[in-house]
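Colleague: Make a model of this:
(one chain, ligands or ions: 1)
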Amino acid sequence: MSLRDLRVALAAAARSFTLAAALAAALAGCSSVPPAPPAPPPPPEESVKPGINKDFLDPALDIAKYEQRFEVESREVFAQRERVVALLGLRPGLAVADIGAGTGLYTLLFAPQVGPKGRVFAVDIAKNFVDHLRAEAAAAQLPQIEPVLCTERSVELPPASVDLAFVCDTYHHFEFPRSTLASIRTALRPGGELVILDFIREPGVSSEWILGHVRASEAVVRQEIEAAGFEFVRREETPYLRENYVLRFRRP
Ligand SMILES: C[S@@+](CC[C@H](N)C(=O)[O-])C[C@H]1O[C@@H](n2cnc3c(N)ncnc32)[C@H](O)[C@@H]1O
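Modeller: Prediction:
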């Protein structure tokens, strides 16, 4: 075949390919099967424990009353606070989020651990706690503390801004755990960790008050957090805690 014949044959082939493609596109447009409608958005998550945060959300929340309730030796997470902080393995420069910071019991202990180059996001749904923490941080000259008023569905932290999220005595206060966990996952850097400290809830072992107040057992909490896309790292050895357990997870 001459060079000229080859060119003519190639041009004809290209024309018929374009024609076939146009025909296929036209046929697809005439298909009798209508395109599937977009899936409806999932319904918003419902509260798993309506009313559990009523007192915290009260604009008249009395800080002094909660300081007396939370920062008292008879409360295990207060009495063992130094050991709990040591367990977390904080170091200068880390960004930590104290989710459900309350009166700031742990926030104020974290600040010197991460130092002036670190960050402690003190996150809470209660405006009075957040305002109080802002005043405390200023008085203690700890600019690394950043109080954050969040919502019941989101911790409202920037994406990939946190190395470790600490949730003390607060997981059972999450009314919308799936939504809140998704927001914590987004806020954590890949490889960042989530540490949950919460009440042991075991019929026959735990007090009646815990059984009524805390909705989920440790096993259920673990399952919910894994379902939210976290990897289980370990259950911490905490022989000094009798009423509480500590679980550590990682954002993949
Ligand atoms: C029992 S207190 C624990 C406070 C503090 N972590 C401590 O151990 O002293 C629970 C705290 O969680 C806050 N809280 C409840 N639901 C929350 C949510 N979805 N996100 C952030 N904070 C929440 C409450 O306002 C309250 O300050």
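Colleague: Spell out which parts of the stretch 101-250 of the chain neighbour the ligand.
Modeller: Residues of the stretch 101-250 of the chain found near the ligand (C-beta under 6 Å from any ligand atom) are 101-102, 105, 123-126, 129, 150, 152, 168-170, 173-174, 180. (Each C-beta comes from the backbone N, C-alpha and C, glycine too.)
Colleague: Take these and keep only those in strands.
Modeller: Secondary structure from DSSP state E places Val123, Asp124, Cys168 of those in strands.
Colleague: Show me which of those residues are buried.
Modeller: Val123, Asp124, Cys168 (16 or more other C-beta atoms under 10 Å).
Colleague: Which secondary structure state does the closest residue to the last one other than its chain neighbours sit in?
Modeller: In this structure, Cys168 finds its nearest non-sequential neighbour in Leu197, 4.6 Å apart by C-beta to C-beta, 6 or more residues apart in numbering. Counting by DSSP: H, G, I helix; E, B strand; the rest coil, the backbone at Leu197 sits in strand.
Colleague: Run through the bridge partners of Leu197.
Modeller: Taking DSSP bridges as the rule, Leu197 bridges to Cys168, Val246.
Colleague: Quick one: mean pLDDT over stretch 240-252.
Modeller: Mean pLDDT, computed over stretch 240-252, is 98.
Colleague: now stretch 66-75
Modeller: 98.
Colleague: how long is that stretch end to end?
Modeller: Stretch 66-75 has its terminal residues 12 Å apart, counting by C-alpha to C-alpha, to the nearest Å.
Colleague: any bit of it sitting next to the ligand?
Modeller: Yes. With C-beta under 6 Å from any ligand atom as the measure, stretch 66-75 is seen reaching the ligand through Phe70.
Colleague: can you pull the buried residues of that stretch?
Modeller: By neighbour count with 16+ other C-beta under 10 Å, stretch 66-75 contains the buried residues Tyr66, Phe70.
Colleague: can you pull out the helices in this structure?
Modeller: Assigned by DSSP state H, the chain shows helices spanning 3-29, 54-57, 63-70, 76-79, 81-88, 107-114, 127-139, 177-187, 208-213, 218-227.
Colleague: what about the residue in the stretch 101-250 of the chain that the ligand sits nearest to, how many neighbours?
Modeller: Closest contact between the stretch 101-250 of the chain and the ligand, by C-beta to the nearest ligand atom, is at Gly102 (2.6 Å). Under the neighbour criterion other C-beta atoms under 10 Å, Gly102 is assigned a count of 25.
Colleague: Could you do Leu211 as well?
Modeller: When neighbours are defined as other C-beta under 10 Å, Leu211 has 15 of them.
Colleague: And the one 10 residues further on, by the same measure?
Modeller: Other residues near Val221 number 22, with proximity taken as other C-beta under 10 Å.
Colleague: measure the closest residue to Val114 other than its chain neighbours to the ligand for me?
Modeller: By the measure of C-beta to C-beta, 6+ apart, the closest residue to Val114 outside its immediate chain neighbours is Leu94, 4.9 Å from it. Going from Leu94 to the ligand by C-beta to the nearest ligand atom, to the nearest Å gives 18 Å.
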